[in-house]
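*Asks:* need the 3D shape of this:
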Amino acid sequence: MLDSGISRFLSHNDIGSGLYVQGFPHPCHVNDRFLRSLSHSLPMFLTLAWIYAVAMTTRAIVQEKEARLAQMMMMMGLKETVHRIAWFLSSLVPFLVSSSLLLLVLKFGKVLTNSDGVLLFIFLATFSMATVAQSLLLSTFFSQASLSSACAGIIYFLLYLPYSVSMVWQDQLTFSIRATLSMISTVAFGLGVECIADLEEQGSGAQWSNIALSPSEESSYSLLTSILFMLLDTVVYALATCYIESVFPGTGPSLHKVVFLLFELL
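*Replies:* All right, here's what the predicted structure looks like:
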């Protein structure tokens, strides 16, 4: 306007310069209803798909404990730490295979086309680690293999229910509430899937550059937060497993102090 006024004053002519409007460069908004419904249903589908694996993993561990095979191997010189790591790694492999197949469906099925494949695999692998650690923790509460397989599947599904309830109140959830609920690995996984879906709708997808950025202005919860909480859940489940197995070896409790685990770590 200032340039037009100066030109009009000096030339004594009314010069019509016109207007030129250009939109700010930004990816187009994607209204993908399938992607939005998938963000809410994928945690439930994966929970239902892994119920059998969790039940069988728990059953195998309890069956070995019931047959006293672990005690026999330790009498032959096997360290308890090596035994636990062996169970963790051998149980993790089927979950990683399942995660790889799911990743192929999501990428080549053109569901998450903009997201980084390596980042998605790390996200699924982290949830697999938390699920295996959770299975090892559940095995410490049972001494009968047949009972453990049935109860482990039910408990694993019940741990998904807090996420389904949080979906109803997701607009009122603060970061502290989300962080508290993320101490359950299935809830942290569900919140991470929501972040991936939001980033995919924005056109950028889940990338290493925005892994620590929240896709929503209402909360600072990001995909990195979800991954870190699932790693924290894995560590907490593993420490709880070591503590319970040390305090309650075999079938009967022993008189250990509450700070037994701290003495073991020191």
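
*Asks:* got the residue ranges for the helices in the stretch 101-250 of the chain?
*Replies:* In the stretch 101-250 of the chain, the segments counted as helices under DSSP state H, counting those that start in this stretch are 117-139, 145-158, 161-168, 175-181, 185-201, 223-247.

*Asks:* keeping just the C-alphas, turn the fourth one into CSV.
*Replies:* Below are the C-alpha coordinates for helix 175-181, written out as CSV (Å, rounded to 0.1, in the frame of the first residue of the first chain):
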residue,chain,number,x,y,z
PHE,A,175,1.0,-35.4,30.0
SER,A,176,1.4,-36.6,33.6
ILE,A,177,-1.7,-38.9,33.3
ARG,A,178,-0.4,-40.3,30.0
ALA,A,179,3.0,-40.9,31.6
THR,A,180,1.4,-42.7,34.5
LEU,A,181,-0.7,-44.9,32.2
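
*Asks:* in TSV, list the helices of the stretch 101-250 of the chain along with distance to M75 and mean neighbour count.
*Replies:* For every residue, glycine as well, the C-beta is placed using N, CA and C. Formatted as TSV, the helices of the stretch 101-250 of the chain follow (distance: least, Cβ to Cβ, whole Å; neighbours: other Cβ atoms under 10 Å):
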stretch	distance to M75	mean neighbour count
helix 117-139	21	22
helix 145-158	22	17
helix 161-168	42	14
helix 175-181	43	15
helix 185-201	34	25
helix 223-247	16	19
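
*Asks:* can you put the ones you listed in TSV and add mean pLDDT and distance to Q207?
*Replies:* Putting the helices of the stretch 101-250 of the chain into TSV (pLDDT from 0 to 100; distance: least, Cβ to Cβ, whole Å) gives the following:
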stretch	mean pLDDT	distance to Q207
helix 117-139	93	7
helix 145-158	87	31
helix 161-168	84	25
helix 175-181	88	22
helix 185-201	87	8
helix 223-247	90	10
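
*Asks:* tell me the pLDDT of V259.
*Replies:* At V259, the model reports a pLDDT of 52.

*Asks:* ok, now F88?
*Replies:* 91.

*Asks:* same check on I15?
*Replies:* Predicted confidence (pLDDT) for I15: 61.

*Asks:* same question for the one 5 residues further on.
*Replies:* As predicted, Y20 sits at a pLDDT of 63.

*Asks:* phi first, then psi, for W208.
*Replies:* When read as degrees, to the nearest 10, the backbone of W208 gives phi -70, psi -30.

*Asks:* pull the number of nearby residues for it.
*Replies:* 10 (other Cβ atoms under 10 Å).

*Asks:* so who does it touch?
*Replies:* Neighbouring residues of W208 by Cβ atoms under 8 Å, 6 or more residues apart in numbering: 116, 119.

*Asks:* do you know how far it is from T131?
*Replies:* Distance from W208 to T131, counting by Cβ to Cβ, to the nearest Å: 24 Å.

*Asks:* same thing with R84?
*Replies:* 16 Å.

*Asks:* how about the most centrally placed residue in the chain, nearest residue that isn't a chain neighbour?
*Replies:* Central residue of the chain (Cα atoms, centre = their mean): F189, 2.8 Å from the mean position. Among residues not flanking F189 along the chain, F127 sits closest, at 4.6 Å (Cβ to Cβ, 6 or more residues apart in numbering).

*Asks:* who are the contact partners of that neighbour?
*Replies:* Taking Cβ under 8 Å, 6+ apart as the test, what F127 contacts is 46, 99, 185, 188-189, 192, 230.

*Asks:* redo that, cut-off 10 Å
*Replies:* Shown in contact with F127 (Cβ atoms under 10 Å, 6 or more residues apart in numbering): 43, 46, 50, 95, 99, 185-186, 188-190, 192-193, 226-227, 230, 233-234.
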